[in-house]
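> sequence and predicted structure are below.
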Amino acid sequence: MITLPKVETLKPKSQPHNFFIWGETMSGKSYFASYFPNPLILNTDGNSEQGQAPSIQIRNERDQNGKLTHSAIQQLDDIIVALQNQKGSEDQQFKTVVVDVIDDICVMIEQAICLENGVQSLADIAYGKGYAMFNAALQQFVMDLKALPMNVIYISREISITDEDTNRTTFKQSLKDKYYNIVNGNCDLVIRTSKIGQGQNITYMREVKAVRTKYDPENITDKRVLQLLESCQGMFTKDQMEKLKKGDK
Ligand SMILES: Nc1ncnc2c1ncn2[C@@H]1O[C@H](COP(=O)(O)OP(=O)(O)OP(=O)(O)O)[C@@H](O)[C@H]1O
Ligand SMILES: [Mg+2]
């Protein structure tokens, strides 16, 4: 029989492990993510050689006839299994998975389902089953990543929306809202990267857009992660930052 937990008020020492980063192109998303501890980059845009961190290119592999031989869904699943079974010394194990970029992963999952079912789009699969399969695959991927004892970072680009009436422009992640909700439901922090200036005078900025709970820097065990979070505007309060600085001395 199951033993139920005691009735008590817990004081969790929470720290963020799942991150969503969005921002305009060349604003430092990949750069920021690559500084997390022992990162493995799941790359989609083919420019993985440019980064310093180890990476795996995600793709739907097809034979000469166009038939799917190894789908992106299968590949992601294989990677998750390999990460679950990491062996060796601590410093030889990956501690962060970076999905760069999640938009493309969604497109690849969609494409894999279409190829497997011999259709052009998800809508061509009867009774909305295509969309259901897609949602299940994405949800599974996100949940499997979350269950890993690692940091998970999802990267998305930026789109701008201009209101025709007021002429006001707002910015948001390029990942479609319905997919963003699935991914973000499993994230602790949303960070937007941006840059100002040009050429040699560029300043890179990071601001926290959403947090799951108020984090106390004292609870963040990994010093590298703490340093990275300190560089994000709005992550900690002024008091917390001052306390941290005093502690450093
Ligand atoms: N905080 C920073 N300090 C110094 N250089 C930075 C910083 N952030 C980014 N850069 C530099 O800016 C360039 C672009 O950064 P990065 O590749 O991370 O952008 P990105 O947002 O991932 O762009 P894309 O959407 O095209 O992938 C890189 O050459 C990187 O070295
Ligand atoms: Mg990038």
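Right, received. Where do you want to start? Ligands and ions are numbered 1, 2, ... in the order given.

> ends of stretch 18-28, how far apart?
18 Å (CA to CA, to the nearest Å).

> so does it get close to ligand 1?
Yes: using CB under 6 Å from any ligand atom, stretch 18-28 reaches ligand 1 at 23, 25-28. The C-beta positions use only the backbone N, C-alpha and C, and glycine is treated the same way.

> so what touches stretch 205-212?
The contact list for stretch 205-212 (CB atoms under 8 Å, 6 or more residues apart in numbering) reads 14, 16, 28, 32, 184, 187-196, 231-235.

> how about a cut-off of 7 Å?
32, 188-196, 231-235 (CB atoms under 7 Å, 6 or more residues apart in numbering).

> that stretch and ligand 1 in contact?
No: applying CB under 6 Å from any ligand atom, one finds stretch 205-212 separated from ligand 1 by no less than 8.0 Å.

> what are the buried residues along that stretch?
The neighbour-count check on stretch 205-212 (16 or more other CB atoms under 10 Å) flags 206, 208 as buried.

> list the helices and strands the host helix or strand of Val81 packs on?
Using DSSP states H and E, Val81 maps to helix 72-84. Under the contact criterion of 3 or more CB pairs under 7 Å, 6 or more residues apart in numbering; DSSP states H and E, helix 72-84 touches helix 102-117, helix 129-147.

> got the angle for the last one vs helix 72-84?
Here the directions of helix 129-147 and helix 72-84 differ by 20 degrees (axes from the mean of the first three to the mean of the last three CA atoms, to 10 degrees).

> distance between the lowest-mean-pLDDT helix or strand in the chain and the chain's centre?
Using mean pLDDT, DSSP states H and E, helix 238-248 stands out as the lowest-scoring helix or strand of the chain, at a mean of 82. Computed by CA atoms, centre = their mean, to the nearest Å, the chain-centroid distance of helix 238-248 equals 28 Å.

> that concludes my questions; thank you for your assistance.
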